[in-house]
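Asks: okay, here's the prediction I keep looking at, along with the sequence it came from:
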Amino acid sequence: MHRDHVPLLPPNFHLLGSTPVSKNQGMVRFHGDKAPPANNDINPDDIHILTLQGHPEFTEPIATGLVERRSASIDTETANDAMERRYGPNDGVGIIGHAVWNVIGRV
C-alpha cells in the first residue's frame, strides 16, 4: 500500500533488507560513518539512523483493520495480497521490534 519509497541508498547508509517489490526495505547509518561489523554483531550505541520501509509493529489485527478500511482506495490485487499474507510469519515484534527498542532506548 505504500506509494512512497527510497529507491537508492543515501551516502554512508547500509542496506538491511530487500524484496522484489521494494529494493530498500530498511537501512542504517552508523555514527561517524562507520561500516557495519563483518560479523553483524552491531552495538545499538553505534547506530545513528535506523529506518524501515514496513511497519514491524503491525500485528495481524492491525494489518487486517488497515486493509479493510483502505480497500476502497487501493487496488483489489494489493488488498487481496495483503489479506492473504496477514497471518504469515514475520520478524516484526520479536526481532525487529526488539532491535528498534534497543536503538531508541539508548538515546
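Replies: Ah, there it is. This is a predicted model, so every value here is computed, not measured. Numbers count the residues shown, from 1 in each chain.
Asks: any chance you could map the helices in this structure?
Replies: 60-70, 76-85, 98-104 (DSSP state H).
Asks: correct me, but P7 touches N24?
Replies: Yes - P7 is within contact range of N24, at 6.8 Å (criterion: Cβ atoms under 8 Å). To be clear about C-beta, it is placed using only N, CA and C from the backbone, and glycine gets the same treatment.
Asks: how near is I47 to D41?
Replies: Distance, I47 to D41, by Cβ to Cβ, to the nearest Å: 13 Å.
Asks: the two: who's more crowded?
Replies: I47 (19 against 7; other Cβ atoms under 10 Å).
Asks: CSV please, covering the helices of the chain and showing distance to N12, mean pLDDT and mean neighbour count.
Replies: Supplementary listing: these in CSV, determined by distance: least, Cβ to Cβ, whole Å; pLDDT from 0 to 100; neighbours: other Cβ atoms under 10 Å:
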stretch, distance to N12, mean pLDDT, mean neighbour count
helix 60-70, 33, 91, 13
helix 76-85, 33, 90, 13
helix 98-104, 17, 82, 14
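Asks: which one of those helices lies nearest to F30?
Replies: helix 98-104 (11.2 Å; Cβ to Cβ).
Asks: next one: the helix or strand of the chain with the lowest mean pLDDT to chain centre, how far?
Replies: Of all helical and strand segments in the chain, the minimum by mean pLDDT, DSSP states H and E falls on helix 98-104, at a mean of 82. Centre-to-centre, helix 98-104 and its host chain are 13 Å apart (Cα atoms, centre = their mean, to the nearest Å).
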